[in-house]
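**Q** no letters, just coordinates:
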Ligand SMILES: C[S@@+](CC[C@H](N)C(=O)[O-])C[C@H]1O[C@@H](n2cnc3c(N)ncnc32)[C@H](O)[C@@H]1O
């Protein structure tokens, strides 16, 4: 059979490039727009044929050699074969396309804020445990698969996380632990603490947790092993973070994201601001430290508990309303707040949450999103409800991967 030759022309969200051949659409992994590649079919995804490039016939000038030995097999990174400046350009095109499909125009002056050094940026990593030849190893799921690829290095994680993995594996092997499932590690960005949580199969761990932690700590003398909470500092603020609450995985870019969002919000000392999907209150406290009073809405009770503690630690005027945004907002009266900042998970806002935002008609909304398609969907709904998109930015929180973070400022009415 003749080899499949594809000529991708545009980036797709997900890291692949889109090619059209004889009227058929292909999503081609590990290819770049403008290239000619030989490819192998790899099934279908969302009704579209998928292929993987196996040989590059005509390379893009933006192609680089992927530095990771697992690139192409590991499901973690999709874009290591593109120069970093090109990754940023591809992400802009993906957002532009998502916005125009929704009927919006991404402001042409919207910046794409990348990293000076786009490696070793993750302070949190989740690793699957796998028995490999009778010994425990840690790794990631393979691309579009549930099987686990054991790894020894991962250049997008903080080096301390990479260095800790063999210690967790060695201690598990020495103690002949069973039923391990996955390991979550979070490294303190400005301290020596390493927060850990091991998930296991079955109901209760069949192994002595404290003894295990002691052995891992012995093997990691440079790090301070923490199993309850760790500290996250930024600007002159301090937060407690736990394994069961959300934290921005890219600490260096979190500072860029928050600065961008807070500048857009422009909250003054007399403003009352809603922080929706507030997590442990990092944004709430940062907004309150500029003088505004903040009401945070969050559904995860563990995050609410920690958020209240974080407000006290920083003497910040932040009140928490626990529950889902879509239900709690119903209790808010017109005129109580001037602005809101919202940072929902990938699924975006429930239609009821959008309806509540439109009902309240706040002057300014800053919408932070980690998924361009739901961002665009919710933004157009807000535009139809009387808002206008005034500014936007893309902040690269996830270099080497397809994930995209974008921020938009909406204001009510006006020309
Ligand atoms: C992307 S995180 C943002 C956290 C925070 N803004 C930050 O920067 O750390 C989303 C948060 O929304 C919460 N969440 C998810 N769905 C929710 C809902 N329907 N109502 C309220 N909170 C929700 C999650 O528990 C999580 O803490």
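**A** Everything's here; your move. Treat the numbers as computed from the prediction; the structure is a model and nothing was measured. Numbering: from 1, shown residues only.

**Q** can you list the residues of this protein near the ligand?
**A** With Cβ under 6 Å from any ligand atom as the criterion, the chain meets the ligand at residues 246, 248, 277-279, 282-283, 297-300, 303, 324-326, 343-345. In short, each C-beta sits where N, CA and C put it, glycine included.

**Q** are any of the residues you listed buried, and which?
**A** 246, 248, 277-279, 282-283, 297-298, 300, 303, 325-326, 343-344 (16 or more other Cβ atoms under 10 Å).

**Q** next, the contact list for residue 289, please.
**A** Listed by Cβ atoms under 8 Å, 6 or more residues apart in numbering, the contact set of residue 289 reads 235, 236, 237, 314, 316.

**Q** count of neighbours near the residue lying closest to residue 147 once chain neighbours are set aside?
**A** Spatial nearest neighbour of residue 147, chain neighbours left out: residue 141 (7.1 Å); criterion: Cβ to Cβ, 6 or more residues apart in numbering. If you count neighbours by other Cβ atoms under 10 Å, residue 141 ends up with 14.

**Q** how about residue 141, secondary structure?
**A** Look at residue 141: counting by DSSP: H, G, I helix; E, B strand; the rest coil, its state is strand.

**Q** ok, what's across the strand from it?
**A** residue 148 (DSSP bridges).

**Q** can I assume it is in contact with residue 126?
**A** No. Shown here, residue 141 and residue 126 do not form a contact pair, counting by Cβ atoms under 8 Å, at 10.2 Å.

**Q** pull the most distant pair out of the buried ones among the residues of the chain next to the ligand.
**A** 248 and 326 (23.4 Å; Cβ to Cβ).

**Q** any idea which residue is closest to the centre of the protein?
**A** residue 370 (6.0 Å; Cα atoms, centre = their mean).

**Q** list the residues that contact that residue.
**A** Here residue 370 is in contact with 345, 346, 397, 403, 404, 405 (Cβ under 8 Å, 6+ apart).

**Q** I'd say the third one and residue 248 touch.
**A** Yes. Counting by Cβ under 8 Å, residue 248 is a contact partner of residue 397 at 6.9 Å.

**Q** which neighbours do the two have in common?
**A** Jointly contacting residue 397 and residue 248 under the rule Cβ under 8 Å, 6+ apart are 254, 257.

**Q** pick out the residue of the stretch 1-150 of the chain closest to the ligand.
**A** residue 124 (11.4 Å; Cβ to the nearest ligand atom).

**Q** and that residue, what does it touch?
**A** By Cβ under 8 Å, 6+ apart, the contact set of residue 124 is 184, 185, 186, 187, 247, 249.

**Q** and the fourth one, its phi and psi?
**A** Note on residue 187: backbone dihedrals following degrees, to the nearest 10 are phi -100, psi 130.

**Q** from the middle of its chain, how far away would the longest helix that the chain contains be?
**A** Longest helix in the chain by number of residues (criterion: DSSP state H): helix 84-102. Here the centre of helix 84-102 is set off from its chain's centre by 17 Å, with Cα atoms, centre = their mean, to the nearest Å.

**Q** what does it contact?
**A** Contacts of helix 84-102 (Cβ under 8 Å, 6+ apart): 10-13, 32-33, 60, 62, 79, 82, 105-106, 110, 112, 114-115, 118, 372-373, 375-377, 379-380, 394, 396, 399-400, 402, 404, 406.

**Q** report the buried members of those residues.
**A** Among these, those buried by neighbour count (16+ other Cβ under 10 Å) are 11-13, 32-33, 60, 62, 79, 82, 106, 110, 112, 114-115, 118, 372-373, 375-377, 379-380, 394, 396, 399-400, 402, 404, 406.

**Q** residue 253 touches residue 115, doesn't it?
**A** Yes. If you go by Cβ under 8 Å, residue 253 and residue 115 touch, sitting 6.2 Å apart.

**Q** so what sits against both of the two?
**A** 121, 396.

**Q** and the pLDDT at residue 415?
**A** Here the pLDDT value assigned to residue 415 is 54.

**Q** ok, now which ones touch residue 342?
**A** 274, 275, 276, 277, 325, 349, 357, 365, 366, 367, 368.
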